[in-house]
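Asker: sequence below, structure please.
(chains A, B and C)
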Amino acid sequence: MREKKPQTKRVPQIADKRDFFNDVYEIVRLIPVGRVSTYGAIANYLSLKSGARMVGWALSSSQSAHSDVPAQRVINRNGQLSGRLHFATPTLMQELLEKEGIIIKDNTVQNFSELFWDPVKELL
DNA sequence: CGTGTGACCGGCG
DNA sequence: ACGCCGGCCACAC
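Answerer: Numbering: from 1, shown residues only, chains lettered A, B, ... in the order given. Prediction:
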């Protein structure tokens, strides 16, 4: 018998790529102006345990295609604008956020803990 | 088909 | 407090 298959239960977290992208975009669009969320929080809301990277992956694809997604409101757990280099210009992300009233210093959102918008709690 | 990399996160020394 | 490492999953080469 050829039982070489590991048969690990490693079920693909992303069955349909397009659906996953849509889910991410939908949540990001729900982030209120003047608030921010994180990759991990969104991944958690989508039941992607440690799939924060997948969220970033989805957003990078959205950047050019879906300009109606406020990707600037999604940052990392430290409140840093880790995705700024993926925008049209390195300063665009910060400029967009500042336009929404968010204060940024050294690529880090000030008052992050108060501005943090967690879909798991807010969309409960 | 193996290896490396990524808009990350949590744990541990 | 800080740095390092492993895990996570999909994709490019």
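
Asker: the residue nearest the centre of chain A: what's it in contact with?
Answerer: Nearest to the geometric centre of chain A sits A:Tyr39, at 3.8 Å (C-alpha atoms, centre = their mean). Contact analysis of A:Tyr39 by C-beta atoms under 8 Å, 6 or more residues apart in numbering lists A:Ala52, A:Arg53, A:Val55, A:Gly56, A:Val74, A:Ile75, A:Asn76, A:Arg77. (C-beta placed from N, C-alpha, C; glycine too.)

Asker: repeat for A:Arg53
Answerer: Applying C-beta under 8 Å, 6+ apart, we find A:Arg53 in contact with A:Tyr39.

Asker: element containing it?
Answerer: Taking DSSP states H and E as the definition, A:Arg53 sits inside helix A:52-65.

Asker: what is the helix or strand just after that helix packed up against?
Answerer: Sequence-wise, the next helix or strand downstream of helix A:52-65 (DSSP H and E) is strand A:74-75. Counting by 3 or more C-beta pairs under 8 Å, 6 or more residues apart in numbering; DSSP states H and E, the packing neighbours recorded for strand A:74-75 are strand A:37-38, helix A:39-45.

Asker: how about residues contacting strand A:74-75?
Answerer: A:28, A:31, A:36-39, A:42, A:55, A:59, A:81-83, A:109, A:112.

Asker: could you redo the last one with a cut-off of 10 Å?
Answerer: For strand A:74-75, the external contacting residues (C-beta atoms under 10 Å, 6 or more residues apart in numbering) are A:24, A:27-28, A:31, A:36-39, A:41-42, A:55-56, A:58-59, A:81-84, A:93, A:97, A:102, A:104, A:107-109, A:112, A:115-117.
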